[in-house]
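**Student:** build me a structure from this.
(2 chains)
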Amino acid sequence: MTTATPAPPQAPPLDLAARPTTNPYGLTPEQFEQLGEEMNAIRQRVLADRGQRDADYIRGIIRAQRGLEVAGRGLLWAGVVPPFWLAGTAALSLSKILDNMEIGHNVMHGQYEWMNDPKLSGKQFEWDTACPADQWRHSHNYMHHTHTNIVGKDRDIGYGVLRMSEEQEWKPYYLGNPLWAALLATFFEYGVALHDLEVERIAEGEITLADKRELLKGIGTKVRGQALKDYVLFPALSGPLFAFPLAGNATANIVRNLWSFTIIFCGHFPEGTHEFDEAETENETRGQWYHRQLLGSANLSGGPLFHILAGNLSFQIEHHLFPDLPANRYGEISVEVREICERYGLPYNVGPLHRQFGSVVKKIGRLALPDSPGALVRGLGGAVGSTLGKATRLLQPPGISHLGNAVFSRWRR
Amino acid sequence: MATPHGVDSYLEQLDPLLVAGECRAEVVAAERGTAESVTLTLRPNRVWQGFRAGQFINVAVEIDGVRHQRCYSPTGVEGRGATVEITTKRHPEGLVSNFLVDQAEPGMVLGLSAGEGDFQLPDPRPESVLLIGGGSGITPLMAILRTLFAEGYERPVVLLYYAPDAERCIYREELERLAAAHPNFQLLRSYTRDPGAGELDGHFSPTHLPETDPCFAEAETFACGPPALLDAVRGTWANGLEHRLHVESFVPPTFVPVGEPGEGAILFSRTGADSDVEVANSGASLLEEAEAAGLTPAYGCRMGICHTCTCRKRAGTHKNLITGEVSSAPDEEIQLCVSAALGDLVVEL
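**Tutor:** Next up, the predicted model:
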C-alpha cells in the first residue's frame, strides 16, 4: 500500500510495508524468548518490592483529589465571585483529572489489589466520570490491553468513530475525521461511556440496540447520577446563583475530557507506533506479546507533576508492558525498558506532549482523506452502494432486497 | 452528592475514625507485660457493635501497605464498652503477632469486626461455670471471668489453667487478685514445665477436676487452648456430657504446608443458591480447573493481564504461573487464569 505522505524522518531506512507487521525489526525466536524473560524479571522484581511507599503514594493522591474536590465545590458554591469561580473550576478540573487518570484508571487495573484494602480493589472501584466502572474494566482492561493495536480487535483504535489507521478502509464519513475528533475530545467521557456499545457495529446492522440493553441501563444509571450531582444538586445549593457552579462543573468536566483525550491519544497514535494484524498475532508467545505492547505504545516526556496528572500514562509503554504494576513505578522501570530496547534494536517512542500530540493531530487530518485515488473511488462507491442498499431494503420486498445487497456488496469490493 | 465515592472517603481524610460504614479503632494503650506479648487497649468508633464474653473479633492491621486480618479474643467485660482489650503473643513465624508485639503504639488505627463465634457465655448465666485454658487460650476465658465478676456473679467458678511456668502465666497477678477477692472463684494452675509450683501438676487429666461444687458434670464448661488439651477435655466430656462443653480451638496461625502441583483438592466456594464444588487438583490454572468442573467464572485475557477473573482465595497455597511466585497468605485476591493450587486450596467464586 502506498501512503499519501512521506515516511517520518526517524523511520528505519527499510521499506516497512515489505516487512511482516508482527516482526518489523527482525527478532529471532530466541530473542523473543529472551525479551519475554527480561520483561518477566522486571515485573517479578517490582511485584516483590511493592510495599508501604506504593500504599502511601496512592493514598496521598486520593487525599489530594478529595481535598481538591471539596475545595473546588466550596469555591464554586460562591462562584459568583470571579476569582472563586476560576479557582474552583481549576480545583475541580484537577480533582476530576486525578480521579480518572491516576486513581480510577490505575486502581481498576488491579494495581493496588495486593494491598487487600476493599476500597482499592480493582473490581469494586467506581470513578467520577460517565462510564460505568464495570464496563470500562471489560472494554479497557481486557479488550484494549489484551488486543493492543490489533486492527479489528482493539476498539481503542479510533473508538469506533475515527479513522486512526491506514488499515481502516476509507469512507466519505471519515472526511469529518478532524471534526469528529474535536467532538470526541470535548465529550470524551461520553465517548468512553458508549465505548462498549459498539455503536459502529449497530450502525452496520451487525448487532442491534436490543443486544446492548443491559449495558445501556448501566450507562443510563451512571450518567444520571453524574449529571444530577454536577448539573442539579451542587448548582441548587447556590440558589438563584446556580448558573455559576453549573458553568464551573461543566467546564471542569470538559477540561478533564480534553486532557484525558490528549493523553490517551498520545499513547498509541503518534507517528511511529505500530499496528498489528489479527491473524498474525494468533498464538503469540509472551515475548511476542511484550514486543507488540512495546511497538504499539508511545511515551510522553515531562516533569513529575505532568506524569501524575497524566496518570503516569505518559509512560504508556511501561503501562502496556505491565498494566497491573503500581503506576508510580513506571518512571523507574522506564530506564531499564529503554535500555532493553536499545539492546534489541527496538524503537522506544518518546517525545514531549506538543510533538507527540502534533503528530496525532496530523494523523487525524491525513487519514480524513483517502490514501489513494483508488481508495477514494472504492470509498465513494461503498457509500453510494450502502445508501442505495438501505434505500432498496426500505422500498423493496424482502426477496429483492437480498439481491440488491448482493449486487452492491460486490460493487463495494 | 458524594457519588461515586461516598461520604466516608471524604470524612476519613479528616480522621480515619469518622467513617460510618466501617468499624475502626484507635490504639489508646499498648502494654507489654512480657517481651513476648502485648496487650492493646482499643477505642472503637461509633460503628462498633460490641461482643459477647468468649467471642472473638477480626482485627485488620496494615503492614508494609498490606492489610492482614487475624482473630483475637477481647479480654474485657462484654458489651459495647468504650474500649476493647486484646492480647497477642509473639509467634515465631507470625507476621501480625510480631508486628503488634514490636510496633503497636498509641495512635495506630486498626480495623475491627463485631464479636463472632458461638463460644460465648450464655444468657441467663449458668448455675456454675468451669473454665479450662491453656497458654493464650486464657484470653476468651478472661473475658468470661471479668464479665461474670463485673456482674456480681456469686455462684461457683473454677479455672483450670495450663501454662509452661509462672513467667508465662498470662494475667497471673489479676487472677490471683480475683481469687483473693471472690470466695466463689477457685483458681487451679498447673505449670507444666515447673512441677510443684502450681496448684496442679502436669497436663490436663480428669483428676484435675474439682470434686466439690461445681461438679464438672453439671457446670457449663468452656475450654480454649492448644489441640492436645482440647482433645483430652473432649475425651473426658464424652458419654452424654457434650452439651455442657463449649470448645474453642486456639492455635497459632497454621502455616499451610506447600503441596506439589497437582496434589490436593480445590474447593470452589460459592455464595447464594449455588453450592460449593470440590475437585481434585490436576495442576492446571484455577480458571481451567473451574471450567473443567462445569463452572463459569468471569474471565478476560486468560494471561494475567486484565484482572477480570480476580477472586478471593480463602486458604491454601497457590503459585503464579507467570512469575513463579508462591503464596500461602490466607484471604488474598488472586487471578484464576494464572494461578495454580499447590495442595489444598479454597477459593471464592
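**Student:** which SS class is the nearest residue to B:L200 once chain neighbours are set aside?
**Tutor:** Excluding the flanking residues, the one nearest B:L200 by Cβ to Cβ, 6 or more residues apart in numbering or on different chains is B:S190, at 3.8 Å. For every residue, glycine as well, the C-beta is placed using N, CA and C. Per DSSP: H, G, I helix; E, B strand; the rest coil, the secondary structure class of B:S190 is strand.
**Student:** SS state for B:T39?
**Tutor:** With three-state DSSP as the basis, B:T39 sits in strand.
**Student:** I'd say it and B:V84 touch.
**Tutor:** No. If you go by Cβ atoms under 8 Å, B:T39 and B:V84 don't touch, sitting 11.2 Å apart.
**Student:** enumerate the positions of the strand or helix carrying A:A55 that are buried.
**Tutor:** Assigned by DSSP states H and E, A:A55 belongs to helix A:52-77. Within helix A:52-77, the residues that count as buried by 16 or more other Cβ atoms under 10 Å in any protein chain shown are A:54-55, A:57-59, A:61-62, A:64-66, A:68-69, A:71-73, A:75-77.
**Student:** now do the helix or strand just after that helix and helix A:52-77, the angle between them.
**Tutor:** The helix or strand immediately downstream of helix A:52-77 is helix A:82-97, counting by DSSP H and E. Here the directions of helix A:82-97 and helix A:52-77 differ by 140 degrees (axes from the mean of the first three to the mean of the last three Cα atoms, to 10 degrees).
**Student:** quick one: mean pLDDT for the next helix or strand after helix A:82-97?
**Tutor:** Per DSSP H and E, the first helix or strand lying C-terminal to helix A:82-97 is helix A:106-108. Per-residue pLDDT values across helix A:106-108 average out to 97.
**Student:** show me how far helix A:106-108 is from its chain's centre.
**Tutor:** 15 Å (Cα atoms, centre = their mean, to the nearest Å).
**Student:** follow-up on the earlier one: isn't the residue nearest to B:L200 up against B:G196?
**Tutor:** No. Using Cβ under 8 Å, B:S190 is not in contact with B:G196, being 10.3 Å away.
**Student:** helices or strands up against the helix holding A:A55?
**Tutor:** helix A:82-97, helix A:234-237, helix A:243-268, helix B:8-14 (3 or more Cβ pairs under 8 Å, 6 or more residues apart in numbering or on different chains; DSSP states H and E).
**Student:** circling back to that earlier point, ok, the residue nearest to B:L200 - contacts?
**Tutor:** Neighbouring residues of B:S190 by Cβ atoms under 8 Å, 6 or more residues apart in numbering or on different chains: B:L160, B:Y161, B:Y162, B:A163, B:G198, B:E199, B:L200, B:D201, B:G202, B:H203, B:F204, B:H208.
**Student:** would you show me how to pick out the buried ones of the residues you listed in PyMOL?
**Tutor:** Filtering those down to the buried ones (16+ other Cβ under 10 Å) takes a single PyMOL command:
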select buried, chain B and resi 160+161+162+163+198+200+204+208
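**Student:** same list, the helices and strands packed on helix A:52-77, but as TSV with distance to B:R80 and mean neighbour count please.
**Tutor:** Conversion of the helices and strands packed on helix A:52-77 to TSV gives the following (distance: least, Cβ to Cβ, whole Å; neighbours: other Cβ atoms under 10 Å in any protein chain shown):
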stretch	distance to B:R80	mean neighbour count
helix A:82-97	38	20
helix A:234-237	36	17
helix A:243-268	42	22
helix B:8-14	21	16
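**Student:** next, format these as JSON lines and append distance to B:M1 and mean pLDDT.
**Tutor:** Listed next are the helices and strands packed on helix A:52-77 as JSON lines, based on distance: least, Cβ to Cβ, whole Å; pLDDT from 0 to 100:
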{"stretch": "helix A:82-97", "distance to B:M1": "14", "mean pLDDT": "98"}
{"stretch": "helix A:234-237", "distance to B:M1": "7", "mean pLDDT": "97"}
{"stretch": "helix A:243-268", "distance to B:M1": "12", "mean pLDDT": "97"}
{"stretch": "helix B:8-14", "distance to B:M1": "10", "mean pLDDT": "95"}
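**Student:** wait, which of these is closest to B:N98?
**Tutor:** For B:N98, the closest of these is helix B:8-14, at 27.4 Å, according to Cβ to Cβ.
**Student:** run through who's touching the closest one.
**Tutor:** A:62-63, A:66-67, A:69-70, A:119, B:2, B:18-22.
**Student:** past that helix, which element shows up next along the chain?
**Tutor:** Following helix B:8-14 toward the C-terminus (DSSP H and E): strand B:24-34.
**Student:** send the alpha carbons of that next one over as CSV?
**Tutor:** Only the C-alpha atoms of strand B:24-34 are listed here, as CSV (Å, rounded to 0.1, in the frame of the first residue of the first chain):
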residue,chain,number,x,y,z
ARG,B,24,-12.2,1.1,63.1
ALA,B,25,-10.4,1.5,66.3
GLU,B,26,-7.6,3.6,67.6
VAL,B,27,-4.9,2.0,69.9
VAL,B,28,-5.0,4.1,73.1
ALA,B,29,-2.6,2.0,75.1
ALA,B,30,0.0,-0.7,74.4
GLU,B,31,1.2,-2.5,77.4
ARG,B,32,4.0,-5.1,77.1
GLY,B,33,3.5,-7.4,80.1
THR,B,34,6.4,-9.6,78.8
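**Student:** next, the buried residues of that strand.
**Tutor:** Those would be B:R24, B:A25, B:E26, B:V27, B:A30, for strand B:24-34 by 16+ other Cβ under 10 Å.
**Student:** which of these sits closest to A:L325?
**Tutor:** Among these, and counting by Cβ to Cβ, the member closest to A:L325 is B:R24, at 29.1 Å.
**Student:** distance check, that closest one against B:L11.
**Tutor:** Here B:R24 is placed at a distance of 11 Å from B:L11 (Cβ to Cβ, to the nearest Å).
**Student:** quick one, phi/psi of the spatially closest residue to B:F268 that is not a sequence neighbour?
**Tutor:** With Cβ to Cβ, 6+ apart as the criterion, B:F268 has its nearest non-adjacent residue at 4.5 Å, and that residue is B:V277. Dihedral pair for B:V277: phi -130, psi 130, per degrees, to the nearest 10.
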